[in-house]
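Colleague: here is a sequence together with a model predicted from it:
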Amino acid sequence: MPASRPGGRSARVQAAVFAATAELLREPDWSRITMARIAERAGVNNTTVYRRWGSLESLVGAALDTIVSERSPLPDTGTLAGDIRAHAKTLVDDLTGENRRFVLRALIIAGNGTEGGGSTEERNRTEKGNRTGTGSGGREGASGQRALVERTDTVRTMLERAAARGEPSVDALGYFDAVVGPLYGYALMLPGLVRTRAPVLVEEFLAGLGLTDTARHDPPDGTA
């Protein structure tokens, strides 16, 4: 599950940094993003950003997790099929709507992890911080991929809730393999197919669970 949200000044700093991160990732020169540029855009001291997140990958991953979670709460429709369809609709909206560039670019950066990711400046700063005790260590954002794992854990919560109601038990990674992963692939390579392929992937997955007759088979974008 995502970490609890900070309060007071810490919350204000986080909000400013995450907003700056999203803004920079939407700009044409997004690949030049660095923690220093994020700190400057957010009006926050560089040291504060480095101490809290430790690496560019960690910061971008945390921003992605928080922003997507706030925009797209975990669905709770009362049925597994309804939850999966609702989750897929949200994913389609994220991958085709105004946040598309931010989401995909953030995933590219966060998915790099801390090894070999980011600029030479970022890696040197992180290594220095780890040696001197000012790096993230085990603190917030210690892994560049942590936020991506937390997204999986959030979906797992949705699936476990359905299993507790007596519905079929579903492996979160199996759902990612069948639906989520392919949709991200389409978004990166064939974005025009995301909305048309989403309902096909979802219904094929539900058919494998024997849930094809539990609800209407509307496409995830809500169109007939």
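Modeller: On my side now, so go ahead. Numbers count the residues shown, from 1 in each chain.
Colleague: can you pull out the helices in the chain?
Modeller: Taking DSSP state H as the test, the helices found in the chain are 8-25, 35-42, 46-53, 56-71, 80-96, 100-110, 120-132, 146-164, 172-175, 181-189, 194-208.
Colleague: pLDDT averaged over the second one, what's the number?
Modeller: Throughout helix 35-42, pLDDT has a mean value of 96.
Colleague: hmm, back to that, could you tell me the least trusted of the helices of the chain?
Modeller: Among the helices of the chain, helix 120-132 scores lowest, at a mean of 45.
Colleague: before we move on, back to that, give me whichever of the helices of the chain is most buried.
Modeller: Of all the helices of the chain, helix 56-71 has the most neighbours on average by mean count of other CB atoms under 10 Å, namely a mean of 24. Quick note: C-beta positions are derived from backbone N, CA and C, even for glycine.
Colleague: for that one, packing partners?
Modeller: Identification of packing neighbours for helix 56-71 by 3 or more CB pairs under 8 Å, 6 or more residues apart in numbering; DSSP states H and E yields helix 8-25, helix 35-42, helix 46-53, helix 100-110, helix 146-164.
Colleague: residue 197: which of those helices is closest?
Modeller: With respect to residue 197, and counting by CB to CB, the nearest of the helices and strands packed on helix 56-71 is helix 100-110 at 15.5 Å.
Colleague: in space, what's closest to residue 76 - neighbours in sequence excluded?
Modeller: Nearest non-adjacent residue to residue 76, counting by CB to CB, 6 or more residues apart in numbering: residue 83, 6.8 Å away.
Colleague: contact partners for that neighbour?
Modeller: Contacts for residue 83 (CB atoms under 8 Å, 6 or more residues apart in numbering) come out as 75-77, 158, 161-162.
Colleague: name the nearest of the residues you listed relative to residue 51.
Modeller: Nearest member of these to residue 51, counting by CB to CB, is residue 158, at 33.7 Å.
Colleague: surely the closest one touches residue 75?
Modeller: Yes - assessed by CB atoms under 8 Å, residue 158 is found in contact with residue 75 at 6.7 Å.
Colleague: tell me how far stretch 53-70 lies from the chain's centre.
Modeller: For stretch 53-70, the gap between its own C-alpha mean and the chain's C-alpha mean amounts to 8 Å (CA atoms, centre = their mean, to the nearest Å).
Colleague: then stretch 44-56?
Modeller: Using CA atoms, centre = their mean, the offset of stretch 44-56 from its chain centre is 20 Å.
Colleague: with just CA atoms, put it into CSV.
Modeller: Taking Å, rounded to 0.1, in the frame of the first residue of the first chain, the C-alpha atoms of stretch 44-56 are listed here in CSV:
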residue,chain,number,x,y,z
VAL,A,44,12.8,24.1,-2.8
ASN,A,45,16.4,23.7,-1.6
ASN,A,46,18.4,21.1,-3.6
THR,A,47,19.6,19.4,-0.3
THR,A,48,16.0,18.9,0.8
VAL,A,49,15.1,17.1,-2.4
TYR,A,50,18.3,14.9,-2.4
ARG,A,51,17.9,13.9,1.2
ARG,A,52,14.3,13.0,0.9
TRP,A,53,14.3,11.1,-2.4
GLY,A,54,17.9,10.3,-3.0
SER,A,55,17.7,9.8,-6.8
LEU,A,56,15.8,11.0,-9.8
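Colleague: that concludes my questions; thank you for your assistance.
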